[in-house]
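below is the structure, and that's it, no one-letter string:
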């Protein structure tokens, strides 16, 4: 018969996932738009140069995901988040990797946090798709910020932001490889670490080393030079009686051979 649908025919392709790109740098916006529009299942429906424009674009176009920068003139990304989150999923995509900013963005409802230079084009596309499905993504710098909050800051730090700690340990840890790697270390005792005698800054840098960051990423996160990072690392290694990052990490996480917690004990 004519005019009747073929029950064995191919199903129509789903509508493309709709994205708003918000960044004050027009070159970055153009590059992201070209990258995403080049995928059959993605389309950029609007660009925005600040948080206010991102909010207006979200209201007008009802996108599936907003890619949101942090530092923008006028209304920045952090200020815009509470207004965007009720409308759509928001994935932070930024050069800002400071611990406090990462934690605040996630506390305000961002679905993930990507720092430029820490992901490939394919990883970005996968993160956008997963954000629409409610699966969070974080890159190493953001993972380090979560690591710093979830352990080593004392019981009071988690009590001050319980919703963030619970959200990322339960929802995020099961769907994001980076976060699942953080979960076993939440129970590490602060008192155990105090025996190494690291200063506050050294402990922060050791946390970032343990999260997998290189010296350049640590320098950017802590707003110090790479030379200063190297000086800190030399002192850390001396205090931990270690000669490599892997050995220092093992001791810092209580996983060194002969310690109470062996590598194989973490399941």
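Looks like it came in fine. These numbers were taken from a predicted model, which means no experiment stands behind them.

so which bits of the helix or strand hosting residue 232 are buried?
Element membership of residue 232 [criterion: DSSP states H and E] is helix 226-240. Neighbour-count burial for helix 226-240, counted by 16 or more other Cβ atoms under 10 Å, picks out 228, 229, 232, 233, 235, 236, 237, 239, 240. Using the backbone N, CA and C atoms, a C-beta is placed for each residue, glycine as well.

could you verify my assumption that residue 121 touches residue 35?
Yes - the pair residue 121 / residue 35 is scored as a contact, 5.7 Å apart, by Cβ atoms under 8 Å.

between the two, which one's more packed in?
Taking other Cβ atoms under 10 Å, residue 121 and residue 35 do not tie; residue 35 has more neighbours (17 against 13).

and that one, that's in a helix?
Yes - looking at residue 35 with DSSP: H, G, I helix; E, B strand; the rest coil, it is inside a helix.

what sits against it?
121, 124, 125 (Cβ atoms under 8 Å, 6 or more residues apart in numbering).

for the last one, which non-adjacent residue is spatially closest?
So that's residue 125. Closest residue in space to residue 125, ignoring its immediate chain neighbours: residue 39 at 5.9 Å, by Cβ to Cβ, 6 or more residues apart in numbering.

could you look up the SS state of the one you found?
Taking three-state DSSP, the label given to residue 39 is coil.

kindly report the same for residue 47.
strand.

and if you look at residue 18?
Looking at residue 18 with three-state DSSP, the answer is strand.

from here on, count from 33
With the count now opening at 33, the last piece we talked about shows up as residue 50.

quick check, it in contact with residue 75.
Yes - using Cβ under 8 Å, residue 50 makes contact with residue 75 at a distance of 5.9 Å.

residues near residue 158, how many?
Count around residue 158 with other Cβ under 10 Å applied: 14.

show me the contacts for the spatially closest residue to it that is not a sequence neighbour.
Distances taken as Cβ to Cβ, 6+ apart place residue 169 nearest to residue 158, at 7.6 Å, with adjacent residues excluded. Applying Cβ under 8 Å, 6+ apart, we find residue 169 in contact with 123, 144, 145, 146, 155, 158, 159, 162, 163, 208, 210.

got it, and residue 133?
Here residue 133 is in contact with 102, 110 (Cβ under 8 Å, 6+ apart).

what's the helix holding residue 264 packed up against?
Counting contacts by 3 or more Cβ pairs under 8 Å, 6 or more residues apart in numbering; DSSP states H and E, helix 258-272 is packed against helix 232-242, helix 247-254, helix 277-284.

next, the angle helix 247-254 makes with the first one.
Meaning helix 232-242. 130 degrees (axes from the mean of the first three to the mean of the last three Cα atoms, to 10 degrees).

on that earlier part again, which residues are in contact with the helix holding residue 264?
Residues contacting helix 258-272 (Cβ under 8 Å, 6+ apart): 228-230, 233-234, 237-238, 241, 247-248, 250-251, 254, 274-275, 279-280, 283-284.

from the residues you listed, list the buried ones, please.
228, 230, 234, 237-238, 241, 247, 250-251, 254, 274, 280, 283-284.

out of those, which comes closest to residue 174?
residue 250 (13.7 Å; Cβ to Cβ).

you'd agree that closest one is up against residue 238?
No - if you go by Cβ under 8 Å, residue 250 and residue 238 don't touch, sitting 10.0 Å apart.

quick check: phi and psi at residue 53.
When read as degrees, to the nearest 10, the backbone of residue 53 gives phi -110, psi 120.

again with the one 3 residues further on
Torsion angles at residue 56 (phi, psi; degrees, to the nearest 10) stand at phi -80, psi -10.
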